[in-house]
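no letters, just coordinates:
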């Protein structure tokens with residue numbers, strides 16, 4: 001959907017909350033998997049039970065989202081896609097552009113769409129500031145509307161405690177929750193995993209948490225014909241699910257090579273993101289076995305799950321919750337990289353007797369054969385857990401409106417710190433001025449009007465030939481950091497020259513040496529600037545090079561908790 005099309009489609013409804021349905025925006029940064037978008041579609045469907053039904057706009061980084069059935073009054077805006085490697089590094093999935101430029105493109109697309117849509121509620125999936133901080137301009141705009149509400153939605157398990165706490169701190173998530181959000185919804189049952197305790201969330205954040213219960217869909221009719229299998233299989237079948245499929249070939253291969261119980265066929269759902277070569281290898285394996293079948297993308301796997309005698313699957317949130325709701329015997333072979341989320345969740349559920357767990361290191365056709373022959377046939381009642389999250393969401397949404405208008409106290413996390421005490425705010429920008437970044441100029445002018453001291457540090461000199469007239473009204477000093485022609489020797493020289501000023505710089509020496517040479521030299525220069533100017537707050541809009549430099553400078557200088565910069569998702 002283009003921005004122009006979105007604008008035309010929204011022209012008819014009455015502006016404001018009176019005379020029109022509520023508008024809800026759901027943001028998920030995504031990479032390749034369909035779990036985020038499937039969960040958001042389920043949330044949209046659940047919230048759509050209000051009268052009158054709200055209009056829902058999904059903002060997704062997965063273009064395949066548009067191929068899935070949409071609930072009533074729901075549409076999707078697909079962003080240019082990110083790609084996340086197994087090692088956790090991000091890049092553009094399709095476009096031949098840098099990560100920085102892709103993030104800027106996504107940020108401006110989101111900002112333009114939400115400016116037109118004017119959501120009454122924004123629900124953000126997992127990453128409080130958006131991927132690489134891309135959501136922050138939109139968050140600031142929505143936060144300025146007293147009657148708007150924002151919710152941070154979290155899966156029950158994010159990752160192991162050390163990784164999650166580190167990312168939470170690096171992204172200044174607590175500060176983002178205080179500044180922008182009205183509630184934190186955790187899509188899980190605290191008896192299985194309580195993020196507040198497991199991750200040691202601050203009391204101020206814990207007070208905003210509402211455990212929804214797991215977002216389990218209604219169980220399908222087991223007598224309903226199985227989409228994609230009816231007419232193909234007329235015998236009992238075991239099922240193998242590999243999520244999006246990009247890293248599922250090993251599990252699918254082991255499943256196709258396993259011995260199944262007599263009279264049982266085997267069905268693999270390869271997923272839409274499995275590469276063509278891997279899919280061809282699976283098809284070849286299945287071609288030699290008339291009781292083995294490989295399917296591609298299915299819009300709805302629920303009937304297929306309901307008809308299975310047993311399921312072997314990777315441990316994505318949606319698949320796991322669907323299996324729990326259906327009560328189908330399930331063996332989870334979780335993904336362990338780049339996150340341990342699936343493993344941790346599967347361990348907790350296995351300990352409660354709700355499913356079985358096989359670590360991927362122990363995966364083999366024989367291990368699957370043993371499970372299918374024995375454990376899958378056992379009666380496993382397990383513990384009772386809360387699977388009613390979707391039914392609970394409408395009332396949680398109504399609760400948001402009982403709090404009254406957003407207040408300045410909320411935006412500051414319940415504290416009041418004078419600007420004189422806090423010192424100047426330093427905007428760390430990749431390039432200043434820049435014609436495309438009018439929202440930054442508007443922010444600077446708003447700070448200026450409010451009497452807030454602002455300074456600008458730019459990593460690059462301007463290259464635009466056009467400038468907005470409003471730039472002339474910005475009364476903030478601009479400092480340009482060293483740029484171009486840098487090498488490794490200069491890092492050591494910069495560290496040597498700054499050693500006396502930055503006694504804490506050694507604590508991040510390894511990070512500085514591992515960073516890009518230019519980023520490291522600029523970070524040291526920025527840390528020195530910070531010390532000389534008495535700065536306590538650095539602000540970077542996106543999780544790009546500006547944030548990298550600001551974070552390294554903040555660590556080197558040991559800035560206070562007010563130091564804010566968006567971090568990688």
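Happy to help now that I have it. It should be emphasised that the depicted structure is a prediction, and the values quoted were computed from it without experimental measurement.

confirm residue 41 sits in a helix?
Yes. Assessed with DSSP: H, G, I helix; E, B strand; the rest coil, residue 41 lies in a helix.

what residues of stretch 523-534 count as buried?
For stretch 523-534, burial by neighbour count (16 or more other CB atoms under 10 Å) applies to 523-531. Heads up, the C-betas are built off the backbone N, CA and C, glycines and all.

and stretch 335-342, by the same measure?
Buried residues in stretch 335-342 (16+ other CB under 10 Å): 335, 339-342.

quick one: residue 315 and residue 343 touch, right?
Yes. Between residue 315 and residue 343 there is a contact at 7.2 Å, judged by CB atoms under 8 Å.

longest helix anywhere in this protein?
helix 99-117 (DSSP state H).

gap between the two ends of stretch 375-391?
Distance across stretch 375-391, first residue to last, is 33 Å (CA to CA, to the nearest Å).

now the buried residues of stretch 523-534 in JSON lines, with secondary structure?
Below are the buried residues of stretch 523-534 laid out as JSON lines (three-state DSSP):
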{"residue": "523", "secondary structure": "helix"}
{"residue": "524", "secondary structure": "helix"}
{"residue": "525", "secondary structure": "helix"}
{"residue": "526", "secondary structure": "helix"}
{"residue": "527", "secondary structure": "helix"}
{"residue": "528", "secondary structure": "helix"}
{"residue": "529", "secondary structure": "helix"}
{"residue": "530", "secondary structure": "helix"}
{"residue": "531", "secondary structure": "helix"}
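
so which of these sits lowest on pLDDT?
Minimum pLDDT for the buried residues of stretch 523-534 is recorded at residue 531 (72).

tell me how far that residue lies from residue 52.
Distance, residue 531 to residue 52, by CB to CB, to the nearest Å: 57 Å.

parallel or antiparallel, list what pairs with the strand or helix carrying residue 331.
Taking DSSP states H and E as the definition, residue 331 sits inside strand 330-332. Applying DSSP bridges, strand 330-332 is found paired with strand 310-313 (parallel), strand 356-357 (parallel).

starting at the chain centroid, how far to the longest one?
The gap between the average C-alpha position of strand 310-313 and the chain average comes to 26 Å, counting by CA atoms, centre = their mean, to the nearest Å.

for it, give the mean pLDDT please.
96.

how about the last one?
For strand 356-357, the per-residue pLDDT values average out at 95.

mind giving me the packing neighbours of the following helix or strand past it?
Moving toward the C-terminus from strand 356-357, the next helix or strand (DSSP H and E) is helix 365-373. In terms of contacts (3 or more CB pairs under 8 Å, 6 or more residues apart in numbering; DSSP states H and E), helix 365-373 is packed against helix 249-256, strand 310-313.

packed most tightly, which of these would that be?
Highest mean neighbour count among those (mean count of other CB atoms under 10 Å): strand 310-313, with a mean of 26.

identify the residues contacting that one?
For strand 310-313, contacts defined as CB atoms under 8 Å, 6 or more residues apart in numbering pick out 238-243, 251, 255, 305, 319-320, 323, 328-333, 368, 371-372, 376.

and this protein, split by domain according to the record?
Domain segmentation of the chain under automatic domain parsing yields 3-216+391-404, 237-383, 417-565.

just the helices from the stretch 1-150 of the chain, written as ranges.
3-9, 35-47, 99-117, 136-143 (DSSP state H, counting those that start in this stretch).

among the ones you listed, which is nearest residue 461?
helix 99-117 (16.0 Å; CB to CB).

ok, and what's touching the closest one?
By CB under 8 Å, 6+ apart, helix 99-117 touches 3, 6-7, 10, 23, 25, 27, 57, 59, 61, 77, 79-80, 82, 90-92, 95, 97, 122, 130-138, 141-142, 430, 436, 439, 541-545.

pull out the buried residues from it.
So for helix 99-117, counting by 16+ other CB under 10 Å, buried means 99-100, 102-111, 113-114, 116-117.

do the same with stretch 282-296
282, 285-286, 292-295.

repeat that for stretch 77-92.
Applying 16+ other CB under 10 Å to stretch 77-92 flags 77-84, 90, 92 as buried.

mind showing which ranges of the stretch 351-500 of the chain have poor pLDDT?
Flagging of the stretch 351-500 of the chain using pLDDT under 70 yields the residue ranges 376-383, 403-423, 465-467, 486-488, 491, 494-500.

and the helices in it, which stretches?
Per DSSP H, counting those that start in this stretch, the stretch 351-500 of the chain carries helices over the ranges 365-373, 389-400, 408-411, 419-422, 438-449, 488-498.

out of these, which is closest to residue 73?
helix 389-400 (14.3 Å).

how much does that closest one deviate in direction from helix 35-47?
Angle, helix 389-400 to helix 35-47, by axes from the mean of the first three to the mean of the last three CA atoms, to 10 degrees: 70 degrees.

from the chain's centroid, how far away is helix 389-400?
Distance, centroid of helix 389-400 to centroid of chain: 21 Å (CA atoms, centre = their mean).

ok, and what's touching it?
42-43, 45-47, 49-50, 121, 149, 151, 182-183, 185, 187-188, 210, 212-217.

give the buried residues for that helix.
Neighbour count says helix 389-400 has 389-390, 392-393, 397 buried, by 16+ other CB under 10 Å.

need the residues you listed in TSV (columns: distance to residue 301).
As requested, the buried residues of helix 389-400 are exported to TSV (distance: CB to CB, whole Å):
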residue	distance to residue 301
389	19
390	17
392	24
393	22
397	27
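
can you tell me which of the residues you listed lies nearest to residue 363?
Among the buried residues of helix 389-400, residue 389 lies closest to residue 363 (CB to CB), at 30.6 Å.

any idea how far residue 353 is from that closest one?
Remark: distance between residue 389 and residue 353 (CB to CB) = 21 Å.

between the helices and strands packed on helix 365-373, which one is closest to residue 271.
Closest among the helices and strands packed on helix 365-373, using CB to CB: helix 249-256, at 9.1 Å.

I'd like the next helix or strand past the helix or strand hosting residue 175.
Assigned by DSSP H and E, residue 175 belongs to helix 173-180. Later in the chain than helix 173-180, the nearest helix or strand by DSSP H and E is strand 183-187.

what separates that following strand from the chain centre, distance-wise?
On CA atoms, centre = their mean, the centre of strand 183-187 falls 14 Å from the chain's centre.

if we can go back for a sec, could you point out which of the helices and strands packed on helix 365-373 sits nearest residue 262?
With CB to CB as the measure, strand 310-313 is the member of the helices and strands packed on helix 365-373 nearest residue 262 (13.8 Å).

and the helices and strands packed on helix 365-373 as CSV, adding distance to residue 512?
Output for these, formatted as CSV (distance: least, CB to CB, whole Å):
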stretch, distance to residue 512
helix 249-256, 37
strand 310-313, 42
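
closest to residue 165 out of the ones you listed?
strand 310-313 (28.7 Å).

which residues are contacting the following helix or strand past that closest one?
For strand 310-313, the following helix or strand on the C-terminal side (DSSP H and E) is helix 317-326. Applying CB under 8 Å, 6+ apart, the contact partners of helix 317-326 are 35, 38-39, 155-156, 187, 214-217, 219, 241, 243, 301-302, 305-306, 311, 313, 330, 332, 342, 345-346, 349, 354-355, 385, 387.

just want the angle from helix 317-326 to helix 35-47.
50 degrees.

my guess is residue 304 contacts residue 267, does it?
Yes. Applying CB under 8 Å as the test, residue 304 and residue 267 come out as touching, 7.4 Å apart.

before we move on, back to that, wait, which of the buried residues of helix 99-117 is closest to residue 449?
Using CB to CB, the buried residues of helix 99-117 come closest to residue 449 at residue 111, 21.1 Å.

so what's the residue count around residue 150?
For residue 150, the neighbour count with other CB atoms under 10 Å is 25.
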